[in-house]
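1. compute the structure for the input listed below.
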Amino acid sequence: MTPSLPGKQKGAAAIEFALVFVIFFAVLYGLVSYSLPLLMMQSFNAATAEAARQAVAVDPNAVGYPALVQTTAKAAAQQRLGWIPMALNFQNGDITTQFTDAKVLTVTISYPTSRLRNVLPFLVLPGIGTVPNLPDNLTSTTSMQF
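-> Below is the predicted model:
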C-alpha cells in the first residue's frame, strides 16, 4: 500500500514550489547579474588609483606639465582597463582627467549602465523589481594633490 496525500493536499507542493522558485531564482540571478557590475566597479577603482599613481612620476619641470600629467593618467587608466571585452562597449571617452591650478589631479571613469543591457539582461521579477537594480552610471573617481 502506498501512502498518498489527502484530497485537499494534492497540488500544494507544486504551488509552494512555484512561490519559492521565484525567490530562489531571484537570489541566483541577482548573484550572477551583480557580479559583472561589481567586477567593473572594482576595476574602475583600481584603474583610477593607478592612473593617479603613475601621474606622480611625471617630471614637474617638463614642458607642458599639466597636459603631460593628464595624458599619462589617461593612458595608465586605459592600459588597466584593456581587459574589458568589446561587447561591453567601453570607450576611452568614459575616462576623463582634470588637472587644476591648485595642482589637483582628478581621474574619473563614468560608464553608463545602459551599455550593460547588451550583454546582461535586466529582469523585472514580481515582488522584487528590476534585477540588477543599478544607478544610471557606474562611476569611480580618484583625486590627488601634487
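2. mind listing what's buried in the helix or strand in which Ser110 is found?
-> Assigning secondary structure by DSSP states H and E places Ser110 in strand 104-112. Burial within strand 104-112, assessed by neighbour count using 16 or more other C-beta atoms under 10 Å, is assigned to Leu105, Thr106, Val107, Thr108, Ile109, Tyr111. Yep, even glycine has a C-beta here, placed from its N, CA and C like the rest.
3. contacting residues around Gly64?
-> Residues touching Gly64, when contacts are defined by C-beta atoms under 8 Å, 6 or more residues apart in numbering, are absent altogether.
4. how much space between the residue nearest to the spatial centre of the chain and Gln70?
-> The geometric centre of the chain, computed from its C-alpha atoms, lies nearest to Pro37 (C-alpha atoms, centre = their mean), at 3.0 Å. When C-beta to C-beta, to the nearest Å is applied, the distance between Pro37 and Gln70 equals 27 Å.
5. ditto for Val63
-> Relative to Gln70, Val63 is positioned 14 Å away (C-beta to C-beta).
6. looking at these two, which is more packed in?
-> Gln70 (21 against 7; other C-beta atoms under 10 Å).
7. wait, isn't that one in contact with Phe99?
-> Yes: if you go by C-beta atoms under 8 Å, Gln70 and Phe99 touch, sitting 5.3 Å apart.
8. where's the strand holding Ser110 relative to the chain centroid, distance-wise?
-> Centroid separation for strand 104-112 versus its chain: 14 Å, with C-alpha atoms, centre = their mean, to the nearest Å.
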